[in-house]
Structures are given as C-alpha cells and as structure tokens.
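> What follows is a predicted protein model with its sequence.
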Amino acid sequence: MNFGIAIHGGAGTILKKEMTYEKEKNYLNGLEKALNKGKKILLKGGNAIEAISESVVELEDNPLFNAGKGSVFNHLGKHEMDASIMNGTDLNAGAVCCIEHFKNPILLAKLVMEKSEHVMLTGKGAMEFGEKMNCKKEEENYFFDQLRYDQWESIKDSDHFQLDHSINSTKKFGTVGAVALDQHGNLAAATSTGGMTNKKFGRIGDSSIIGAGNYANNNTCAVSCTGSGEYFIRNVTAYDVSCLMEMGGLNLKEATSKAIHERIKKIGGDGGLIAIDKNGRIEMPFNTEGMYRACWSNDGLKKIEIY
C-alpha cells in the first residue's frame, strides 16, 4: 500500500530574486527536517496523526515560519496563535484559537481532540485547558524575533495588518501544515499559525477552522491550507476539495486545482494547499509566486520546493 506525507510553511509573494542563497538554504533545510520527522514515523508503521504532529511541531519550533516560536506580533505586541488537527478515520478533530505562551499549539489542539468532548476551544478557556493538561508553555521572550518586531513596529500605530514575514512584501501568508496517509490507510491533517501582523479584535483565520483551513476524511483526502484566511473560510476550501472528490467525482489533482485556481481566485483570494488522497497521491497547488512545501511517499516521490 502507498503511504506518504506533505508539509507546507506558507504561501505568497516569495520571489527568488529577493532570496539570498543562505536564507533559501535555511528554508529548504527546515522543510526537509520537518518532512523527515513525519516520514520516520510512517516508515515505522506509525499512525498519520503522530506523523503530522511531529512534522508540525518541528515547523512550530523553527523561527523561520509563522507558527509557534516564529509567530508574528498582534496589535497589542503579543503572540496569539491558532491551530487545528483532524483524524480522517473517525472525523474526530481538535482546534484552539487566540492562545498565548503555549510552545506548540498543535499539541494543544491534539489534546482537545483526544482528551475533551469538544472540537474547538478559544482564548482563556483554551489556555486553562492547556494548563490542566500540562501542555508546555514559554515566556514571551521565547517568541521574540527581531524581523517580526520591526515589521510590527512599522505598522502598529495604523489600522493596517500584514500577512507576511517580510517588511517589504505584503503577501506572504504565514501558516504551517502537514497531511499524511499511513500504512493502515488512515488520513490526517494539521495546520498551525501565528496569524497576521498587527491583527486586532481577536481575529481568527482559517487555520483553526475545521473544513476551512484543515480537513481529513479516509474516504477522500487530507488537506491543509495557507493563504488569505477570510477567503478560505468563505469557500470552506479544505472540505470543498473533499466534497469535489466525493460528490463531484473529481480526482485529487482536479479537485485541488479547482479549489485554488478557480474558486479561491474567483472571490479574490490568494494562497495554496497541500493534500494527499486515500491512494497516496499528493498535490500541492498554489496561485501565488511561491509556497514553502515538501512531500515524500514510499513509491519514490520526494520534493522540497519554494517557487
């Protein structure tokens, strides 16, 4: 049986001419390290949930990516994070949003799925649950990054927000995610983000919303999205891919292409997604200049790409 994993570290205005050799190498190495964490679990016969959790934790611990340690600053100068995870076996899911201080939001989302009767917890309640579950926390300085601080400083007194890591670019969508199919035929998806720089009013994007930024169903596929979250929420994009397959009879390539290149584009949205179907086929479409992405499957496929 085929099995495999795909990961992403965000999509948007990622131009090769603006990327130094060293920075590009660091991104590619970070992606490969995260990919290998999940791959190792799958090769040992481990389940898809554990594989994607390990890969996303690795991305959350890497300050290059806008999730966990690399999360951007909100309007109050705080780091406010969202994450979700879904098991395609039984459609069980867990999500957290507007949380602070937790080192790995994806692990807290996983605890919501496995240790509570709920699907989504938010803010103070989510953090109380995390403390009860002894989920690891960090002090504010753990999340500090000079580039992200400078980015926030440049717009903090305005009503503007940014979706990117770069001060000069306005369209780099910071999200990380992973999808996997294990040797037992089970699919799973996980997505985590630090949101938008200078975001206000408790804004929540698609990353923590099951069906919008994250979805898995053993009958079809597992999907993790990255992009302009409001548009992915409006289109219910992750579920849309599954629905196009189950109800519309499309294959994974057709369904993901339609979702990203037609439906999201039609309403003005930008971004991309990663997906793997029940047969181990992988697709990673995006309608922006680039998307940090990587994938591996046991049939010999391996890609680590940016543009």
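Alright, I've got the coordinates.

> Can I take it that residue 110 is in a strand?
No - when classified by DSSP: H, G, I helix; E, B strand; the rest coil, residue 110 is found to be helix rather than part of a strand.

> OK, contacts around the closest residue to it other than its chain neighbours?
Nearest residue to residue 110 in three dimensions, chain neighbours excluded: residue 85, at 5.2 Å (CB to CB, 6 or more residues apart in numbering). Yep, even glycine has a C-beta here, placed from its N, CA and C like the rest. Shown in contact with residue 85 (CB atoms under 8 Å, 6 or more residues apart in numbering): 49, 52-53, 93-95, 106, 109-110, 113, 188-191, 214.

> Nearest to residue 10, out of those: which one, please.
residue 191 (11.0 Å; CB to CB).

> Quick check: which element contains residue 82?
strand 81-87 (DSSP states H and E).

> Now do the same for residue 280: helix, strand or coil?
coil.

> Burial check on it, number of neighbours?
20 (other CB atoms under 10 Å).

> just so I have it, where are all the strands in the stretch 51-200 of the chain?
Secondary structure of the stretch 51-200 of the chain (DSSP state E, counting those that start in this stretch): strands located at 81-87, 93-99, 120-122, 172-173, 176-181, 187-193.

> Looking at these, spot the one closest to residue 284.
Minimum separation from residue 284 across these (CB to CB) falls at strand 176-181, 9.8 Å.

> circling back to that earlier point, which of the strands of the stretch 51-200 of the chain has the lowest average pLDDT?
Note on these: lowest mean pLDDT is at strand 172-173, with a mean of 55.

> quick one: low-confidence ranges for the stretch 151-300 of the chain?
Scanning the stretch 151-300 of the chain for pLDDT under 70 picks out 151-173, 197-200.

> Could you pull out the helices in it for me?
229-235, 237-246, 252-257, 265-266 (DSSP state H, counting those that start in this stretch).

> out of those, deepest packed?
helix 237-246 (a mean of 24; mean count of other CB atoms under 10 Å).

> List the buried residues in stretch 123-130.
126-127, 129-130 (16 or more other CB atoms under 10 Å).

> Take those and write them to a markdown table, including pLDDT.
A markdown table is the format used below for the buried residues of stretch 123-130 (pLDDT from 0 to 100):
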| residue | pLDDT |
| --- | --- |
| 126 | 98 |
| 127 | 98 |
| 129 | 98 |
| 130 | 98 |
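
> Nearest to residue 243 among the residues you listed?
Proximity of the buried residues of stretch 123-130 to residue 243 (CB to CB) peaks at residue 126, which lies at 28.5 Å.

> ok, now which ones touch that closest one?
96-99, 108, 112.

> out of those residues, what pair is the most spread apart?
Greatest spatial distance in the contacts of residue 126: 98 and 112, 13.6 Å, computed using CB to CB.

> Which of those two has more residues huddled nearby?
residue 112 (24 against 20).

> any idea how far that one is from residue 35?
Distance from residue 112 to residue 35, counting by CB to CB, to the nearest Å: 25 Å.

> again with residue 188
15 Å.

> No further questions, thank you.
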